[in-house]
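*Asks:* The amino acid sequence is not available; the structure is as follows:
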């Protein structure tokens, strides 16, 4: 699976009484599908996955898959501590039409001393997962050690890693350590990602058979089935793919070799985050740096300072439904809202 470009980590909408708000989630996905982002991520940490029940998790995964445009790559956040429940959730996501699974470090292994257990967890999941696995490296004790990530990159079913900061040094180390990894991925004729839902949408339909009764001579004629529509694809060779998990580090990461980004702030300002990648891809470093500077200012307040509640309010400001986070997370105070409004002033859609 090709993971080049911007991915939007979806927030999870809730009703005032705390119940899951699927209609608003569907509306958000439909609007996000019209942005230039290449994909959507359901239930990353921005979606508060640990606060959802199993039934709510499945409902959210299905809702996003049903509402998303077929061309958008879908990544399912799978925040489960046990191997068996992680695999069950990945299998469910695969049946819904997802293209990859984002798997974080289990909560009880978030200490460097558990490197062997972490390795076993990821390898065991990847061995049997119904979808390609993307490692989710968070911050602090949730981070995946670089040496471990390099070793895991060689697994046939672990295709990428998302790092909360993805510094240029980290990207370079991972690139050098995984140079031997080469995989063939299916892409469109213009080298875009091909999703499972695109393939299903363009699956050839069989032509109708001509019946004997409809023929004037009464003689049965065999008519070969013909495909109605097909999806033109080609292949592309990619290495182990690295993605930046913060808005402030997008430009540094892609300049060092990262293929894309999943910044939390992009849920609030998808266009502004995309413009950094677009300017860099177009070979305009000055414009990319200018766009990145704008993001750093906003990210410091919204993404890093206020977390999920700040991202949700930022989404409200740009016409998406953010709403309140689910308790025990608290909504923003009046003063905090003013901070977000000031930080987002130049990032309005």
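*Replies:* Now that the structure is in, tell me what you want to look at. In this text the structure is predicted, and so the values were computed from the model without any measurement.

*Asks:* Tell me the secondary structure at the most centrally placed residue in the chain.
*Replies:* Residue closest to the average C-alpha location in the chain (CA atoms, centre = their mean): residue 41, at 3.3 Å. When classified by DSSP: H, G, I helix; E, B strand; the rest coil, residue 41 comes out as strand.

*Asks:* Hmm, residue 7 and it touching each other?
*Replies:* Yes: assessed by CB atoms under 8 Å, residue 41 is found in contact with residue 7 at 5.4 Å. From N, CA and C alone the C-beta is placed, and that goes for glycine too.

*Asks:* quick one: common contacting residues for these two?
*Replies:* 75, 262 (CB atoms under 8 Å, 6 or more residues apart in numbering).

*Asks:* related to what we said a few turns ago, ok, the residue nearest to the centre of the chain - contacts?
*Replies:* Contacts of residue 41 by CB under 8 Å, 6+ apart are 7, 8, 9, 10, 75, 76, 77, 102, 262.

*Asks:* What residues of the helix or strand encompassing the first one count as buried?
*Replies:* Following DSSP states H and E, the helix or strand that holds residue 7 is strand 5-9. Buried residues in strand 5-9, counting neighbours by 16 or more other CB atoms under 10 Å, are found at 5, 6, 7, 8, 9.

*Asks:* coming back round to it: give me the beta-bridge partners of the residue nearest to the centre of the chain?
*Replies:* On the basis of DSSP bridges, residue 41 is bridged to residue 9, residue 75.

*Asks:* And the helix-or-strand element of the chain with minimal mean pLDDT, what's buried?
*Replies:* Ranked by mean pLDDT, DSSP states H and E, the weakest helix or strand in the chain is helix 196-201, scoring a mean of 92. Residues of helix 196-201 classed as buried: 196, 197, 198 (neighbour count, 16+ other CB under 10 Å).

*Asks:* try stretch 166-184
*Replies:* Buried-residue list, stretch 166-184, by 16+ other CB under 10 Å: 166, 168, 170, 171, 173, 174, 175, 177, 178, 181, 183.

*Asks:* From the contact counts, what lies against the helix or strand hosting the third one?
*Replies:* Using DSSP H and E, residue 170 sits in helix 168-177. Packing partners of helix 168-177 (3 or more CB pairs under 8 Å, 6 or more residues apart in numbering; DSSP states H and E): helix 146-152, strand 241-244, helix 250-256.

*Asks:* Next secondary structure after it?
*Replies:* Next along from helix 168-177, by DSSP H and E: strand 183-188.

*Asks:* could you say what helices and strands that next one packs with?
*Replies:* strand 233-238.

*Asks:* So which elements touch the strand it packs on?
*Replies:* Strand 233-238 packs on strand 183-188, going by 3+ CB pairs under 8 Å, 6+ apart.

*Asks:* So residue 332 is in contact with residue 308, correct?
*Replies:* No: Residue 332 lies out of contact with residue 308 (CB under 8 Å); the separation is 10.4 Å.

*Asks:* Can you list the low-confidence ranges for the stretch 101-250 of the chain?
*Replies:* 205-229 (pLDDT under 70).

*Asks:* got the contact list for residue 68?
*Replies:* Counted by CB under 8 Å, 6+ apart, residue 68 has contacts 29, 32, 33, 40, 74, 197.

*Asks:* The stretch 201-349 of the chain: helices as residue ranges?
*Replies:* In the stretch 201-349 of the chain, the segments counted as helices under DSSP state H, counting those that start in this stretch are 250-256, 270-281, 285-301, 307-317, 334-343.
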